[in-house]
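Participant: here are the coordinates; sequence isn't available:
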């Protein structure tokens, strides 16, 4: 050691670790998109993180036909109606697989312009003046482009082979979203490429973006019991560590009454603590939304009003809707007792009572089979997930550090300060972390296994408020005052 003479400084690691904030409700949306309209198209089965409407449209295109292109419904809800971001979109519609070939389809030319309403891919278009003729030359005889409504517009150019024609014949490849099946949403691992597809991509979200999945949705598809089953499976142990919730819909084309909705949920979804089940659909003007889509947006918006902490229930929060309906358009108006029946079956619904249309229901699919408060209330379940995910992210850097007293104190003190802050905000009624001797065996500690006990009490939503009224004759005396 070198000889020293003087004053020197040194540093030790701070004994408190700032808690890393994790997104409480990052939406991961699975579905189909009109990629033929995208200006910077994303690859099929590739998660894309979007912070703006423009980003989403550039990557996936946009169409008002939400039955065929389900991700557009999520874009509209998140970016236009609720102004919430970000969202991760996963499109499973493959323009190399889910397609149909159209050969020399007749297209009328009116004022030199022809319109094809099918979702045509520009790259494969060939135009003919006659069925037995040669293919014409683009930008010489005609131009082809999509309009704002997604139609393919063929324009005959002056001096070209179609200049005086009243019709043309067009060969093209179109997207066939009707060929997409539940199996495409479910996905798996491609045996040839080894790449994940569909819902299997959940495990890639954090490695790709450094963001923890919070809410899994698949509007239109989640009413399929096989898709819902996989969504429920993917809620847990994301990347081997994280937990999220899924929001699923009950099929309104077959389940047309509120009593039937409760029966369907109990028969097909079961008691899952991280799943939220919705019935029926929502209307906003001429647009029809799945309740799962808007409920996910409501969760995002509610969290944003409370420091991105999921302690508030999404129930009794305003929807962007002026009606509820079935898939066939039949309007649904539930009274309070009917809505309460659904809630009692673990189903979230929509109620128009005081203040317009609102989401109505606090219960996860676990209820009524499982009444444990941490499992049966949506807000409690989301708080447990969020706190657990935050602890994982924050203290991951401590993995493989020496298990000494400073190590234990750093984790306990840092976590307790954070939980005290959540308590001060009202997000918790109380919380603490303990390193307990009875939970940590000598052999376990020797083997590097440490247990911390986290006690937390998220406040339950006030689902019943009672006012007891009584006539008090004592106030008669005020007549003589």
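Facilitator: It's in. Keep in mind it's a predicted model, so treat the numbers as computed, not measured.

Participant: report pLDDT for residue 23.
Facilitator: We have a pLDDT of 73 for residue 23.

Participant: could you do residue 124 as well?
Facilitator: On the pLDDT scale, residue 124 is placed at 87.

Participant: likewise residue 259?
Facilitator: On pLDDT, residue 259 comes in at 97.

Participant: using the three-state scheme, assign the closest residue to it other than its chain neighbours.
Facilitator: Closest residue in space to residue 259, ignoring its immediate chain neighbours: residue 341 at 7.2 Å, by CB to CB, 6 or more residues apart in numbering. Glycine gets a C-beta too; all of them are placed from N, C-alpha and C. Of the three states, residue 341 takes helix under DSSP: H, G, I helix; E, B strand; the rest coil.

Participant: can you give me the neighbour number for residue 341?
Facilitator: Look at residue 341: counted by other CB atoms under 10 Å, it has 17 neighbours.

Participant: as a check, name the ranges of all helices in the stretch 1-150 of the chain.
Facilitator: 53-60, 71-75 (DSSP state H, counting those that start in this stretch).

Participant: buried stuff in the helix ranked longest in the chain?
Facilitator: Scanning the chain for the helix with the most residues, using DSSP state H, yields helix 405-425. Neighbour-count burial for helix 405-425, counted by 16 or more other CB atoms under 10 Å, picks out 410, 411, 414, 415, 416, 418, 419, 422, 423.

Participant: for the second one, which non-adjacent residue is closest in space?
Facilitator: In other words, residue 411. residue 395 (5.9 Å).

Participant: for residue 454, see how far away the one you found is.
Facilitator: Residue 395 sits 12 Å away from residue 454, going by CB to CB, to the nearest Å.

Participant: look at those two and report which has more neighbours.
Facilitator: Applying other CB under 10 Å to residue 395 and residue 454 shows that residue 395 carries more neighbours, namely 18 against 15.

Participant: which strands and helices sit next to the helix or strand where the more buried one lies?
Facilitator: Following DSSP states H and E, one finds residue 395 within helix 378-395. Secondary-structure packing of helix 378-395 (3 or more CB pairs under 8 Å, 6 or more residues apart in numbering; DSSP states H and E): strand 245-249, helix 373-376, helix 405-425, strand 453-457.

Participant: which one of the buried residues of helix 405-425 is nearest residue 245?
Facilitator: residue 422 (19.4 Å; CB to CB).

Participant: for the closest one, list the residues it contacts.
Facilitator: Residues in contact with residue 422 (CB atoms under 8 Å, 6 or more residues apart in numbering) are 309, 311, 428, 431.

Participant: including distance to residue 106 and neighbour count, could the residues you listed go into a markdown table?
Facilitator: What follows is the contacts of residue 422, written out as a markdown table (distance: CB to CB, whole Å; neighbours: other CB atoms under 10 Å):
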| residue | distance to residue 106 | neighbour count |
| --- | --- | --- |
| 309 | 60 | 22 |
| 311 | 61 | 22 |
| 428 | 67 | 22 |
| 431 | 70 | 21 |
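
Participant: spatially, which two of the residues you listed are the most separated?
Facilitator: Comparing every pair within the contacts of residue 422 by CB to CB identifies 309 and 431 as the most remote, at 12.4 Å.

Participant: quick check: neighbours shared by residue 395 and residue 454?
Facilitator: In contact with both residue 395 and residue 454: residue 415, using CB under 8 Å, 6+ apart.

Participant: returning to what we had before: distance check, the residue nearest to residue 411 against residue 389.
Facilitator: Taking CB to CB, one finds residue 395 at 12 Å from residue 389.

Participant: how about residue 53?
Facilitator: Distance from residue 53 to residue 389, by CB to CB: 28 Å.

Participant: of these two, who's got more company?
Facilitator: For residue 53 and residue 389, the more surrounded residue by other CB under 10 Å is residue 389, and the numbers stand at 23 against 16.

Participant: how far off centre is the strand or helix carrying residue 324?
Facilitator: Element membership for residue 324, per DSSP H and E: strand 323-325. With CA atoms, centre = their mean, to the nearest Å as the basis, strand 323-325 stands 21 Å off its chain's centre.

Participant: tell me the mean pLDDT over it?
Facilitator: Across strand 323-325, pLDDT averages out at 98.
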